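[1] The sequence and its predicted three-dimensional model are supplied below.
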Amino acid sequence: ADEADTVSDMTDFQPTTIVKCDTTAGPFTIQLVREWSPNGYERAVELFQRGFFDGSHFYRVVPHFLVQFGISYTNDPELLKLANKSIPDDPKFDPPMKFKEGTISYAGSGPNSRTSQLFISYGSVPSLGRELWETPIGEVIEGMESIRGLYSAYGDMPPWGHGPVQGMIHRGGKAYIEEEYPQLDSFISCLVTEEEADDEITSEEEADAYSQDDEESSEESSEPEGEAFEALVIESTDEVVKVEPLAGTERIGSPMKKEVASEEVVGVTTGAISDMNTIFMVFGGIFLAVSIFLGIIVYTKRRRAKFDKSS
């Protein structure tokens, strides 16, 4: 109840912005809350106001985990420059806010790495919210069924799935997605409909009513925890606009191995590296392991032959 009261207080008495979005999977509405993450809030509001997300795809849809978006097809160089400029991290609450279905936050790659890529959580994933940049900026308040209905059969990006490679989205743009991943859903348009500071509420009874409504809503929407993923995040670049490049691709969480006993998907946290470098690292590790294994076999055979000869 205390946590629900805290979230309700922040939502009801601090500046908020309502954003209504239409997508190919249906409409949804989000509420951005400045108190949760002032720097993240200001950047997100500006991007939505300027149509940055309009027409872009939900390029990473991982059931029971999250959906990620924020690579724009805009031709506005100033907007792209803004979107690629990182913003400072915001202080976390103590204890940190827990992620639940519909929580919205930034992808990132390390301290002060947030730019334009956002994700919506599909549930209470314990690993989300641990990193500095994973500070909630808002939540889905209507239309979560549209988010659940986003096309997800492509899975995560390689090598964990068959989804788009973010670097290729930057290079190939919309044509790359439409040719290689034609079933992915996308934004149609978003409209910032309301920006307000609800600081005129003075009645304790009204405040209690808000807290009670939020608590009941939280209880009704609670669902079993999805598979727990550790965050793997990578920062992205845009090669079309001549701005200072950021290394790699923004990502949040990628399954690396599965513990059979607990059936919990576990990952790793890493710094800013490119998609191709990630793939090279994985296959490089496999190649190294195979090389060592073959070396041991050859060494063992030689030792055995030497022993047989001496006998």
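    Structure's in. What do you need?

[2] what's next to stretch 44-56, contact-wise?
    Applying Cβ atoms under 8 Å, 6 or more residues apart in numbering, the contact partners of stretch 44-56 are 17, 19, 21, 32, 69-74, 76, 79, 82-83, 116, 118, 137-138, 174, 186-190, 192, 195. C-betas here are computed from N, CA, C, even on glycine.

[3] So which of the residues you listed belong to helices?
    For those, membership in helices holds for 79, 82, 83, 174, with DSSP state H as the criterion.

[4] Can you pick out the most distant pair from those?
    82 and 174 (20.0 Å; Cβ to Cβ).

[5] quick one, helices of this protein?
    Using DSSP H, helices in the chain cover 2-13, 38-49, 77-84, 144-148, 166-180, 204-221, 275-310.

[6] looking at these, which has the lowest confidence?
    Between those, the lowest average pLDDT goes to helix 204-221, which shows a mean of 39.

[7] is it true that residue 104 touches residue 141?
    No - using Cβ atoms under 8 Å as the test, residue 104 is too far from residue 141 to be in contact (10.5 Å).

[8] Find residues that contact each of the two.
    Joint contacts of residue 104 and residue 141 (Cβ under 8 Å, 6+ apart) are residue 30.

[9] what about the two, which has more around it?
    Taking neighbours as other Cβ atoms under 10 Å, residue 104 and residue 141 compare with residue 104 leading, 24 against 15.

[10] so what's that one closest to, chain neighbours aside?
    Nearest non-adjacent residue to residue 104, counting by Cβ to Cβ, 6 or more residues apart in numbering: residue 138, 4.7 Å away.

[11] Please look at residue 152 and residue 64 and confirm they touch.
    No - look at residue 152 against residue 64 with Cβ under 8 Å: they stay out of range, at 9.9 Å.

[12] mind showing which ranges of the stretch 51-200 of the chain have poor pLDDT?
    Where the stretch 51-200 of the chain drops to pLDDT under 70, the residues are 194-200.

[13] Spell out, range by range, the strands that occur in it.
    Along the stretch 51-200 of the chain, the segments classed as strands by DSSP state E, counting those that start in this stretch run 60-62, 66-69, 103-106, 118-121, 138-142, 187-197.

[14] Residue 295 is nearest to which of those?
    It is, among those and with distance given as Cβ to Cβ, strand 60-62, at 37.4 Å.

[15] List the neighbouring strands of that closest one plus their orientation.
    Next to strand 60-62 in the sheet, as set by DSSP bridges, lie strand 66-69 (antiparallel).

[16] Run through who's touching the strand it pairs with.
    53, 56-61, 107, 117-122, 125, 128, 147, 150, 187, 250-253.

[17] Tell me the spacing between the residue lying closest to residue 152 once chain neighbours are set aside and residue 53.
    Excluding its sequence neighbours, the residue lying closest to residue 152 (Cβ to Cβ, 6+ apart) is residue 61, at 4.0 Å. For residue 61, the distance to residue 53 (Cβ to Cβ, to the nearest Å) stands at 15 Å.

[18] Quick check: beta-bridge partners of the residue nearest to residue 152?
    residue 67.

[19] Report the separation between it and residue 162.
    Using Cβ to Cβ, residue 61 is found at 12 Å from residue 162.

[20] So for these two, which sits in the more crowded spot?
    Neighbour count, other Cβ under 10 Å: between residue 61 and residue 162, residue 61 has more, with 27 against 13.

[21] wait, what's in contact with the more buried one?
    67, 68, 150, 151, 152, 154, 163, 184, 185.

[22] Let's see that with 10 Å instead.
    25, 67-69, 120, 122, 147-148, 150-156, 161, 163, 184-185 (Cβ atoms under 10 Å, 6 or more residues apart in numbering).

[23] Restricted to buried residues, select those in PyMOL.
    This is how PyMOL selects the buried members of the contacts of residue 61, with burial counted by 16 or more other Cβ atoms under 10 Å:
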select buried, resi 25+67+68+69+120+122+147+148+150+151+152+154+156+161+163+184+185
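
[24] what about stretch 85-95, how long is it end to end?
    29 Å (Cα to Cα, to the nearest Å).

[25] next one: stretch 72-85
    Taking Cα to Cα, the first and last residues of stretch 72-85 lie 14 Å apart.

[26] ok, now stretch 118-132?
    Stretch 118-132 end-to-end distance (Cα to Cα) = 14 Å.

[27] again, but for stretch 153-173
    End-to-end distance (Cα to Cα), stretch 153-173: 21 Å.

[28] Tell me how many other residues crowd residue 56.
    Counted with other Cβ under 10 Å, residue 56 comes out at 20.

[29] Tell me how many other residues crowd residue 186.
    21.

[30] How about it: which residues does it bridge to?
    Bridge pairing for residue 186 - DSSP bridges - gives residue 57.

[31] That's all I had, so thanks and see you.
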